[in-house]
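In: Dropping a prediction and its sequence here:
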Amino acid sequence: MKTSQTAQEVIEELGTDLSAGLTEQQVKERTERYGYNELQEVKKDSLLKRFLLQFTDPLIIVLILAALISIIVDPGEWIDSLIIVIVVLFNAILGVVQENNAEKSLEALKKMSAPQAKVIRGGQKKVIPSRELTVGDVVLLEAGDFIPSDGRIAESFNLQIDESALTGESVPVNKTSEALGQDDVPLGDRKNMAFSSTVVTYGRGTMVVTAIGMENEVGKIAGMLMNSGKETTPLQNKLAQISKTIGMLCLVICAVVFGMEMFSGMGILEAFKTAVALAVAAIPEGLATVVTIVLALGVNKMVKCNAIVRKLPAVETLGSASIVCSDKTGTLTQNKMTVVKTYLPEAGIQDFKAETAGTDVKELMRWFTLCSDGEVIPEAGKLKMIGDPTETALVEASYKMGETKPELAKTYVRSEELAFDSSRKMMTVFYQTDDGILSITKGGPDIVLGRCENFTGKAAAEEANETMAKDALRVLAVAVRRWDAIPENLDSENVENHLTFVGLCGMIDPPRDEVRDAIAQAKHGGIRTIMITGDHVVTATAIAKNLGILEPGQKAISGPELSAMSDEELEAQIEQISVYARVAPEHKVRIVKAWQDKGHVVAMTGDGVNDSPALKAADIGCAMGITGTDVAKGAADMVLTDDNFATIIHAVRQGRGIYDNIRKDVQFLLSSNIGEVLTIFGASCISLIPGWNLGVPLMPVHLLWINLITDSLPAFAIGMEEPEPDIMNRKPRSKDESFFAHGLGWTIAWQGVMIGTLTLISYILGNRDAHEIGMTMAFVTLALSQLFHSFNVKSEHSIFSKQIFSNKYLWGAFAVGVGLQLLVMYVPFLASAFSMAALDPSHLMIAVGLAFVPVIVVEITKLAHRMSQR
Ligand code: ATP
């Protein structure tokens with residue numbers, strides 16, 4: 001394609017049609033020929049490489065070294081080393097599989113929020129995934145869209161595109177549909193082309209796709225290939241750090257114990273075995289995998305409640321959110337607008353009834369309709385609305401009075417326009433009429449009236465606006481101006497000035513049903529909801545009061561008032577302000593920062609092009625899935641697929657639950673590790689007493705078996721726990737709160753000591769009869785106590801309540817864990833590999849009885865805790 005060609009030449013060359021687009025048959029043929037519109041992904045690591053990467057974990061290296069040295073030191077016990085290797089291999093395989101699954105579900109998530117394109121195909125407007133675009137497709141562009149592929153501009157209404165991603169030029173480029181004087185112009189000067197990965201910042205236009213996929217300019221830049229890098233959250237990093245520290249610490253302890261045992265005259269072989277067992281006991285092998293899985297499962301659950309997490313760390317941040325700043329229209333309200341009132345200077349405020357409306361009202365609504373991009377199409381006995389609800393409400397009102405857009409288009413030919421934007425809060429269109437050129441401007445009454453020539457009824461119009469807004473109506477004004485010719489300078493200051501006022505209309509937008517409850521629930525959970533809206537302060541106040549956002553003692557301020565405040569003033573007053581009305585998107589960043597300076601974690605919603613700085617500045621940027629622009633979605637941490645405020649509160653609940661589950665898992669796994677270390681360490685300390693040589697209570701294989709198999713199963717199940725029922729009664733977690741806060745560290749310690757002591761008692765009791773009996777009993781007590789203990793950890797509430805049955809996965813994990821344990825003990829080949837002795841009933845009962853003790857002890861502490869809280 002040449003830039004010197006006219007748009008029509010390009011369209012013909014590509015064999016397409018501007019008004020009807022490609023036919024389905026053409027699309028099929030071209031897709032077969034050119035493939036899909038996607039960039040080649042960076043090749044992923046092969047399965048083998050991922051498998052081998054598992055062995056770069058220092059903890060795993062310690063284990064393998066231990067196995068190797070064991071075999072050198074004591075070749076007779078090769079089975080031991082073999083089992084270690086098998087378990088480690090099994091764990092590596094499990095790791096690869098689980099990571100693969102987690103990654104797949106995150107990739108599926110990314111696909112869900114993949115960009116879409118608005119095209120015309122077979123004469124109809126359609127929204128398709130950008131991937132399915134093909135050469136010759138006609139794409140409609142409006143502010144906020146990502147350009148889905150390279151194309152030639154065929155129509156431009158003040159179309160401006162930010163091409164900084166491609167050219168580095170930060171000022172948006174004005175695009176034209178005209179042919180350029182020459183070919184071979186540099187990328188930044190190809191004003192009649194649009195390029196994939198750039199963004200429409202203003203205006204409206206149409207382009208015809210000229211290239212797709214790797215043929216796009218962005219495909220030619222090698223560095224911009226899609227990168228599917230692994231994402232980890234701060235908590236994951238913190239836990240990885242903790243695991244490493246534990247590993248290091250354990251090496252030191254091993255060396256000390258080794259020295260101690262050598263010093264006490266124990267043989268080097270024995271001392272070495274103890275040291276290896278200790279190393280295995282102390283390393284939380286399964287922890288990292290468990291946390292990865294819990295996060296992935298949690299994120300999947302959130303999808304089911306309509307929140308797509310785009311950035312994994314947001315899952316953790318959600319649990320700390322204490323301020324939710326929400327847009328009004330569509331998020332708190334239904335965005336189902338209906339015109340219910342009109343105002344004309346001569347007639348005053350009237351209820352709007354299409355059947356009985358007079359010609360003056362019909363004319364008023366005609367001006368509104370002509371100044372709208374929405375469309376209303378009858379389909380299967382119903383009216384289908386296409387476009388922004390504010391606009392379709394206007395078009396619908398006219399439609400009901402018998403004035404349709406296609407009919408109007410016969411008399412009124414649109415020639416220029418100044419698109420709506422949230423900062424200006426109005427829009428203007430130019431029409432060629434029999435009486436010359438007419439511009440129609442519609443927007444917020446306070447804004448439009450300010451741009452009108454002075455007229456006698458101005459005060460009355462302002463009062464009418466106020467009256468309607470008090471009823472929670474969204475009010476729009478319309479004004480006109482005549483011109484001799486289309487002005488050269490299409491600036492707002494020039495065009496949207498010296499207008500003649502026509503009238504007002506008021507439309508109702510009912511609140512969403514579930515929002516009031518969600519706001520109350522949030523408040524209960526220490527989360528304050530703030531309304532930020534472009535709407536008029538009176539309308540916003542009425543709705544905010546109705547929803548419980550604006551309470552006595554709190555106030556609503558407007559954008560201009562906010563602008564007039566210094567940072568200090570805002571800081572002093574921010575706690576009292578619940579509603580910000582008539583704000584521009586630029587104000588949002590200031591509000592976010594002010595709350596953040598007060599130490600709050602802020603969630604912020606957004607949908608427009610100019611919302612992306614606020615979405616980025618907020619701790620949790622939430623973009624609207626339905627009405628949101630690509631730009632907003634790209635900047636957000638989370639996308640709400642139903643645009644609903646209540647979804648944010650659901651997501652916070654899930655976020656709190658996920659964090660809780662990770663804490664429970666860490667408690668579960670680390671208390672097990674401490675129990676194991678204490679068992680080995682305790683035995684070796686007791687062995688220092690002359691005549692009390694206890695030997696090693698558990699072999700590395702036993703410990704690995706427990707850490708990687710019987711502990712991992714309940715740990716995954718705990719990760720599936722539903723959030724605690726009272727989770728939304730808690731205050732938000734402070735963002736600098738330590739992971740081990742609220743006594744978690746202490747709980748891990750005492751529960752570890754308890755499990756270690758019980759295991760040691762079990763060992764000592766059995767060891768009196770034979771070393772192997774002691775070892776088997778210790779193994780049973782340790783493995784079973786963990787399986788029982790998982791029910792303690794699952795909830796803060798008593799296990800003697802109905803919550804005990806709430807997690808079927810945990811029961812499954814328990815059953816499988818017990819089954820595997822029985823296999824190891826009673827299948828002869830396994831029993832001999834694990835050096836298991838046959839236990840008689842009394843030994844078995846003691847071992848099982850001791851394993852049950854944690855349930856009783858923890859129940860008592862839970863009871864004590866409940867009593868102390870009362
Ligand atoms: P929120 O920010 O809560 O989503 P909003 O929808 O009112 O609220 P904007 O879409 O930025 O925010 O609109 C701001 C104001 O601009 C509206 O209150 C209204 O007065 C005016 N307005 C909205 N849509 C249009 C439109 N299509 N044409 C002209 N004016 C509009």
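Out: Noted; the coordinates are in hand.
In: For the rest of this, base every contact and every neighbour count on C-alpha atoms.
Out: OK.
In: Mind splitting the protein into its structural domains?
Out: 235-306+655-869, 316-334+512-650, 338-508 (automatic domain parsing).
In: just for the protein, where's the confidence low?
Out: Residues of the chain meeting the criterion pLDDT under 70: 41-43, 58-59, 106, 109-110, 112-113, 221-231, 266.
In: Which positions in it make contact with the ligand?
Out: 327-329, 390-391, 420, 422, 425-427, 442-444, 476, 532-536 (CA under 6 Å from any ligand atom).
In: For the domains of the chain, give me CSV that also has distance to Val88 and mean neighbour count.
Out: What follows is these, written out as CSV (distance: least, CA to CA, whole Å; neighbours: other CA atoms under 10 Å):
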stretch, distance to Val88, mean neighbour count
domain 235-306+655-869, 8, 20
domain 316-334+512-650, 30, 21
domain 338-508, 58, 18
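In: Please tabulate the ones you listed in a markdown table, including the columns distance to Met214.
Out: Formatted as a markdown table, those follow (distance: least, CA to CA, whole Å):
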| stretch | distance to Met214 |
| --- | --- |
| domain 235-306+655-869 | 31 |
| domain 316-334+512-650 | 21 |
| domain 338-508 | 32 |
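In: ok, now how distant is His789 from the ligand?
Out: 49 Å (CA to the nearest ligand atom, to the nearest Å).
In: and the residue of the stretch 651-800 of the chain nearest the ligand?
Out: Ala651 (20.5 Å; CA to the nearest ligand atom).
In: Over to that residue. Which of the three states is it?
Out: Of the three states, Ala651 takes helix under DSSP: H, G, I helix; E, B strand; the rest coil.
In: I figured Ala833 hits Ser81, correct?
Out: No: under the criterion of CA atoms under 8 Å, Ala833 makes no contact with Ser81, lying 10.6 Å away.
In: which residue sits closest to the residue nearest the centre of the chain, ignoring its sequence neighbours?
Out: Centroid check for the chain by CA atoms, centre = their mean gives Val309 as the closest residue, at 2.0 Å. Leaving aside its sequence neighbours, Val309 sits nearest to Met638 (CA to CA, 6 or more residues apart in numbering; 4.4 Å).
In: wouldn't the one you found be in contact with Gly625 here?
Out: No: taking CA under 8 Å as the definition, Met638 is not a contact partner of Gly625, at 9.4 Å.
In: In which helix or strand does the nearest residue to Gly151 once chain neighbours are set aside reside?
Out: Leaving aside its sequence neighbours, Gly151 sits nearest to Val209 (CA to CA, 6+ apart; 4.1 Å). Val209 is part of strand 199-211, with elements assigned from DSSP states H and E.
In: Next SSE downstream of that strand?
Out: Next helix or strand after strand 199-211 toward the C-terminus (DSSP H and E): helix 234-263.
In: helices or strands up against whichever strand or helix holds Ala544?
Out: Ala544 belongs to helix 537-547 when assigned by DSSP H and E. When contacts are defined as 3 or more CA pairs under 8 Å, 6 or more residues apart in numbering; DSSP states H and E, helix 537-547 packs onto helix 458-470, helix 515-524, strand 555-558, strand 577-581.
In: Grab the CA positions of it and hand them over as CSV.
Out: In CSV, the C-alpha atoms belonging to helix 537-547 read as follows (Å, rounded to 0.1, in the frame of the first residue of the first chain):
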residue,chain,number,x,y,z
VAL,A,537,-23.1,17.4,42.1
VAL,A,538,-26.9,17.5,42.9
THR,A,539,-27.6,14.3,40.9
ALA,A,540,-24.5,12.6,42.4
THR,A,541,-25.5,13.7,46.0
ALA,A,542,-29.1,12.3,45.5
ILE,A,543,-27.8,8.9,44.4
ALA,A,544,-25.0,8.7,46.9
LYS,A,545,-27.4,9.3,49.8
ASN,A,546,-29.7,6.7,48.4
LEU,A,547,-26.9,4.1,48.3
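In: who's in contact with it?
Out: Helix 537-547 is contacted from outside by 328, 466, 469-474, 511, 515-516, 519, 531, 533, 550-551, 556-558, 579-582, using CA atoms under 8 Å, 6 or more residues apart in numbering.
In: Can you check what angle separates that helix from strand 577-581?
Out: 140 degrees (axes from the mean of the first three to the mean of the last three CA atoms, to 10 degrees).
In: these two touch, right, Ile799 and Phe791?
Out: Yes: using CA under 8 Å, Ile799 is in contact with Phe791, at 6.9 Å.
In: From the centre of the protein, give me the residue that's furthest out.
Out: Gly691 (61.8 Å).
In: Going along the chain, name the helices of the stretch 601-750 of the chain.
Out: 612-617, 630-635, 645-686, 700-705, 712-719, 744-767 (DSSP state H, counting those that start in this stretch).
In: Reformat these as CSV; add distance to Gln236.
Out: Listed next are those as CSV, based on distance: least, CA to CA, whole Å:
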stretch, distance to Gln236
helix 612-617, 22
helix 630-635, 23
helix 645-686, 10
helix 700-705, 22
helix 712-719, 14
helix 744-767, 17
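In: so which of the ones you listed gets nearest Pro841?
Out: helix 744-767 (12.3 Å; CA to CA).
In: After that closest one, heading C-terminal, what element do we hit next?
Out: helix 771-794.
In: Measure how that next one sits relative to helix 645-686, angle-wise.
Out: Using the same axes, to 10 degrees, helix 771-794 lies at 160 degrees relative to helix 645-686.
In: Going by contacts, tell me the helices and strands next to the next helix or strand after helix 771-794.
Out: Once the chain leaves helix 771-794, the next helix or strand it forms, by DSSP H and E, is helix 808-826. Here helix 808-826 touches helix 712-719, helix 771-794, helix 828-833, going by 3+ CA pairs under 8 Å, 6+ apart.
In: roughly how far is the second one from the heart of the chain?
Out: Spelled out, that is helix 771-794. 39 Å (CA atoms, centre = their mean, to the nearest Å).
In: same check, this time on stretch 49-56
Out: The chain centroid and the centroid of stretch 49-56 are separated by 29 Å under CA atoms, centre = their mean.
In: residues of that stretch that come out buried?
Out: Going by neighbour count (16 or more other CA atoms under 10 Å), the buried part of stretch 49-56 is Arg50, Phe51, Gln54.
In: Checking my notes, the first one in a strand, right?
Out: In this case it means Arg50. No: Arg50 is assigned helix when assessed by three-state DSSP, not a strand.
In: Thr342 in helix, strand or coil?
Out: Here Thr342 is strand, with the state taken from three-state DSSP.
In: Torsion angles phi and psi at Glu379?
Out: phi -150, psi 120 (degrees, to the nearest 10).
In: Identify the bridge partners of it.
Out: Applying DSSP bridges to Glu379 yields these beta-bridge partners: Lys382.
In: Give me the distance between it and the ligand.
Out: Counting by CA to the nearest ligand atom, the gap from Glu379 to the ligand is 23 Å.
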